[in-house]
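**Q** Have a look at this prediction, sequence included:
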Amino acid sequence: MVYRGKVFKSMVGLYFYGDFCTGRIWGLRNLGTTWENTLLADTPFQITSFGEDEAGQIYVTDFLTGSIYRIMVQPLVAGDFDGDGSSDFASLNVLGRIFYTTNLSAFANVPGVLSQLVSGDFNFDGSADLAGLASDGTIWVSTDLTSFTPIPGILSSLISGDFNSLRGGDEFAGLALDGSIWFTTNLNTWTNIPGKLTNLVPGNYDGASPDDLVGLAMEGSLWLTTDLLNWTNIGRLP
């Protein structure tokens, strides 16, 4: 199966194949005059097939458990997970399993499978936590790096930031499947911000607390909100 989706740009044109007995998954890419072959994952699966959905996302089937997994690319996320004052990092492997390291050498597995991962101090204890989206858009939060708790909501993307500046910790914002914008400052109740976007990033763009949001509309226009309510058009991508 060749990836033709739009979500993971680095996977475009990559041919996925796997082995039933070992559970290994490789990626084969045409570089013009040569081919590049890479081992992507060493899984416990008995791989029987690959498939794709209407959006071009690639899935792999496991005969042993009868499960279906989506293949993805996840950037590293940083945070001080052990509260020692230095930064650590976490990530998802190609099948969405969660790993983090606090010593830059050994990786610990956090039980669960996610399609996106973000970090932030969600319980306001001074150390970083992890949160993410499952493949069905549900939101999960871990404040102890051992187990995840669901919070209400269904999103297609998730970001973290200090959006209310009332407590010394982070909250969430995200986009729904239709591009509508949502945020929560209590990890429970979600508020809709008028508008529809394809991408959303947090930051302190006006030099004052709390965090603001910048987003990209489908036609390329850029929008900024500093109060989580009103949007200003700040230009357009060339």
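**A** Good, I have the coordinates.
**Q** Look at S142 and say how many residues are nearby.
**A** 19 (other C-beta atoms under 10 Å). All C-beta atoms are positioned from the backbone trio N, CA, C, and that covers glycine.
**Q** And for the one 5 residues further on?
**A** The criterion is other C-beta under 10 Å. On that basis, S147 has 12 neighbouring residues.
**Q** Next: F183.
**A** Count around F183 with other C-beta under 10 Å applied: 21.
**Q** what do you get for T232?
**A** Residues within reach of T232, counting by other C-beta under 10 Å, total 10.
**Q** Next: A173.
**A** Number of residues near A173 (other C-beta under 10 Å) recorded here: 26.
**Q** That one - that's part of a strand, no?
**A** Yes - according to DSSP: H, G, I helix; E, B strand; the rest coil, A173 belongs to a strand.
**Q** Who are the contact partners of it?
**A** L158, I159, S160, G161, F163, I181, W182, F183, T184, L200, P202, L213 (C-beta atoms under 8 Å, 6 or more residues apart in numbering).
**Q** tell me which element the first one is part of?
**A** This points to L158. For L158, the host element (DSSP states H and E) is strand 157-161.
**Q** neighbours of L92, just the number please.
**A** 22.
**Q** picking that back up, can you name the two of the contacts of A173 that are farthest apart?
**A** For the contacts of A173, the farthest-apart pair by C-beta to C-beta is S160 and I181; their separation is 14.8 Å.
**Q** Measure how far the strand holding L158 is from the centre of its chain, please.
**A** 9 Å (C-alpha atoms, centre = their mean, to the nearest Å).
**Q** Bridged to the spatially closest residue to S67 that is not a sequence neighbour, which residues?
**A** The shortest distance from S67 to any non-neighbouring residue, by C-beta to C-beta, 6 or more residues apart in numbering, is to T61 (7.5 Å). On the basis of DSSP bridges, T61 is bridged to S49, I68.
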